[in-house]
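1. Quick one, structure for this:
(one chain, ligands or ions: 1)
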Amino acid sequence: MKTGLLCLCILITICTSASHQRRKFPEDFLFGVSTAAYQIEGAWNEDGKGENIWDYGIHNGVGNIVDMSNGDVAADSYHNYARDIEMMRELGIDVYRFSLSWSRLLPSGFADNINEAGIAYYNRLIDELLKYNITPMVTLYHWDLPQKLQELGGFANPLLGNWFEDYARVVFRSFGDRVKLWITFNEPREICLDGYGSDNKAPFLNAAGIADYICAKHLVIAHAKAYRLYVNEFKSTQKGKCGITFGVSSILPLTDSEEDRLAVELRRQGDLGIYTNPIFSKEGGFPKEFAERVAMKSSEQGYQRSRLPEFSDKEKEFVRGTSDFFGVNHYGGSFLSATDGIDDRVPSLNNDAPVAYHTPDDWPKSVSSWLMQMPNSLNITLARLHADYNNIEFYVTENGWSTYKGLNDDDRVRYFRAAWESALDAIEHGVNLKGYMAWSLMDNFEWAQGYSERFGLYEVDFEDPARTRTPRKSAFIYKNLLKTRYVDHDYEPENYIMSIDEGH
Ligand SMILES: *[C@@H]1O[C@H](CO)[C@@H](O)[C@H](O)[C@H]1NC(C)=O
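-> Okay, here's the model as predicted:
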């Protein structure tokens, strides 16, 4: 009897302390999933869609895709969108973040010719989402510029801002009565550095240290034009929010040395600050130390002016403060140390702000070379951004883990649980985090990695003409998080049968 009582007491103590640590996401916190048009839609030349830079680059052998694949069909969401929404209802999500294909809406890129079939497709998608109380979060640009605009220089042409503004007007006019969350650009750094400063992403321009910096300036001006258009012509009636999303890794100095610390800060400016500072900092424009460094290097290299363009005072003013929230796509991170950059390409970001990367051997590795599980990394990233750009609203607009094909994705589950705890840490730290979107709803075309790396909560059978979707273990774990709103580390799905719960 006595022993029994003692046991009961201990049990109660354990249970109370466990439930004490059971931190819940706020009631109004939005959970969702993300995708992007070129990665899922397929129907690359159907119903009047124009060619974009990925269509063109891959079909013409400019892009190097590891498995020789392309996004011509992808997950075929152009035809399977109703099944996609059924999957969202199975998961019980609040928000679906997807992107619009510019060349599906404006085949030549210009607004003189609007493709009504493209408008109709997104209307069907949006209306079906709203029917089930799923909030659309719409990205205007997720890497698929109309090829005609690329032939005019794309992001290297200062007129890009006008073209983007005209496209944005068509979009806000067509969908803004129902869409209240807008993202102008997805991952400016990857657009500019990977697309213009290397040959890893379309348009595969590979003009490092020059085109990537030109792109950065024109991109943030294009963003500001779309934002100001929304504020001036649409916001008072449509009452939505407009923001922008960055890819942000956790980068920490390898040692306490001044040298490592300064190298990391300079690199942070070149990697992120050249896109975020013009919009979110008080002073506007490119970060000062980085601008000085590139000016000095350019002069040493024989250029007559800095390879990094300048903002006029008028441009700084125009771009400053043009975002209602800060979107973060976060995957992982690394430790960085100072190095002399002598082995790097000249000119290049690596040469302008050289660093060496280090990742401890015991960090879990995904199948993507760039993605390792860094402990606490989401909190590290969000807390730093919160400190830099105080009081802004944050959304995690992407977060995920890659595996090979297969439904039993325990390492994705492990990654997600750690990331969700880290998101709770960030909220506890005071970060104004409003929502979290997992990348991705389903397997899709992973850019230069083709279909070799899978990021889906649902597996897609790319051999099957119907592109059948099947939930992975992680889908059940995410569903349970959304139901309970806390991270249950012991939860195992009872069976692997997915269904739509009452109320969704
Ligand atoms: C989250 O990050 C902040 C800022 O670095 C830090 O103060 C806090 O302790 C972190 N939280 C946890 C639980 O690690």
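
2. Just give the number of residues close to Glu292.
-> Using other C-beta atoms under 10 Å, Glu292 has 14 neighbouring residues. For every residue, glycine as well, the C-beta is placed using N, CA and C.

3. Now the element after the helix or strand harbouring it, going C-ward?
-> Assigned by DSSP states H and E, Glu292 belongs to helix 288-300. Later in the chain than helix 288-300, the nearest helix or strand by DSSP H and E is helix 313-319.

4. quick one: contacts of the strand or helix carrying Ser334?
-> Assigned by DSSP H and E, Ser334 belongs to strand 333-338. Strand 333-338 is contacted by residues 249-255, 257, 259-260, 262-264, 267, 354-360, 372, 374, 377, 380-381 when judged by C-beta atoms under 8 Å, 6 or more residues apart in numbering.

5. List only those of those residues flagged as buried.
-> Buried members of the contacts of strand 333-338, scored by 16 or more other C-beta atoms under 10 Å, are 249-254, 260, 263-264, 267, 354-355, 372, 374, 377, 380-381.

6. Return the subset of these lying in helices.
-> Here DSSP state H is the test, and these give Asp260, Ala263, Val264, Arg267, Ser377, Ile380, Thr381 as lying in helices.

7. for the residues you listed, which one is nearest the ligand?
-> Nearest to the ligand, judged by C-beta to the nearest ligand atom, of those is Ile380 at 6.1 Å.

8. beta partners for the residue nearest to the closest one when sequence neighbours are not counted?
-> Counting by C-beta to C-beta, 6 or more residues apart in numbering, Ser250 is the residue found nearest to Ile380 once chain neighbours are left out, at 4.4 Å. Ser250 has the following beta-bridge partners by DSSP bridges: Gly333.

9. so who does Ser250 touch?
-> His330, Gly332, Gly333, Ser334, Met374, Ser377, Ile380, Thr381, Arg384.

10. The fifth one against Pro364, yeah?
-> No - with contact defined as C-beta atoms under 8 Å, Met374 does not count as touching Pro364 (9.5 Å).

11. ranges for the strands of the stretch 101-250 of the chain?
-> 135-141, 181-186, 241-247, 250-253 (DSSP state E, counting those that start in this stretch).

12. List of residues touching the second one?
-> The reference is to strand 181-186. 36, 95, 97, 99, 135-143, 164, 168, 172, 191, 219, 222-223, 226-227, 230, 240-245, 327, 329, 397.

13. how about Ala438, phi and psi?
-> phi -80, psi 140 (degrees, to the nearest 10).

14. ok, how many other residues are close to it?
-> The number of residues near Ala438, taken as other C-beta under 10 Å, comes to 28.

15. partner residues bridging it?
-> Val33.

16. That one: what's it in contact with?
-> Gly32, Val33, Ser34, Glu398, Asn399, Gly400, Phe416, Leu457, Tyr478.

17. Is it possible to get TSV of the ones in helices among the buried ones among the contacts of strand 333-338 that adds distance to the ligand?
-> Output for these, formatted as TSV (distance: C-beta to the nearest ligand atom, whole Å):
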residue	distance to the ligand
Asp260	18
Ala263	20
Val264	15
Arg267	19
Ser377	10
Ile380	6
Thr381	9
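
18. ok, back up a step: in TSV: the contacts of Ser250, plus distance to Arg293.
-> Below are the contacts of Ser250 laid out as TSV (distance: C-beta to C-beta, whole Å):
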residue	distance to Arg293
His330	26
Gly332	26
Gly333	23
Ser334	21
Met374	27
Ser377	27
Ile380	25
Thr381	24
Arg384	21
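
19. Nearest to the ligand: which residue in the stretch 101-250 of the chain?
-> For the stretch 101-250 of the chain, C-beta to the nearest ligand atom, closest residue to the ligand: Ser250, 10.2 Å.

20. returning to that earlier point: rebuild the strands of the stretch 101-250 of the chain as JSON lines, extending it with mean pLDDT.
-> Converted to JSON lines, the strands of the stretch 101-250 of the chain look like this (pLDDT from 0 to 100):
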{"stretch": "strand 135-141", "mean pLDDT": "99"}
{"stretch": "strand 181-186", "mean pLDDT": "99"}
{"stretch": "strand 241-247", "mean pLDDT": "98"}
{"stretch": "strand 250-253", "mean pLDDT": "98"}
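
21. mind checking which helix or strand the residue nearest to Pro188 when sequence neighbours are not counted is in?
-> Excluding its sequence neighbours, the residue lying closest to Pro188 (C-beta to C-beta, 6+ apart) is Tyr275, at 4.1 Å. Using DSSP H and E, Tyr275 falls within helix 274-280.

22. now that helix, how far from the centre of its chain.
-> Distance of helix 274-280 from the chain centroid (C-alpha atoms, centre = their mean, to the nearest Å) equals 16 Å.

23. can you list the residues that contact that helix?
-> Under C-beta under 8 Å, 6+ apart, the answer for helix 274-280 is 188-189, 192, 213, 216, 219-220, 223-224, 244, 246, 269, 283-287, 290, 308, 311, 316, 319-323, 326, 388-389, 392.

24. and the residue nearest the centre of the chain, what does it touch?
-> Taking C-alpha atoms, centre = their mean, the centroid of the chain lies closest to Asn329, which sits 3.9 Å from it. Asn329 sits next to Asn186, Glu187, Thr245, Phe246, Gly247, Val248, Val396, Thr397, Glu398, Asn399, Trp439 when contact means C-beta under 8 Å, 6+ apart.

25. What of Arg414?
-> Listed by C-beta under 8 Å, 6+ apart, the contact partners of Arg414 are Pro364, Gln373.

26. what's the helix or strand for it?
-> With DSSP H and E as the criterion, Arg414 is inside helix 410-429.
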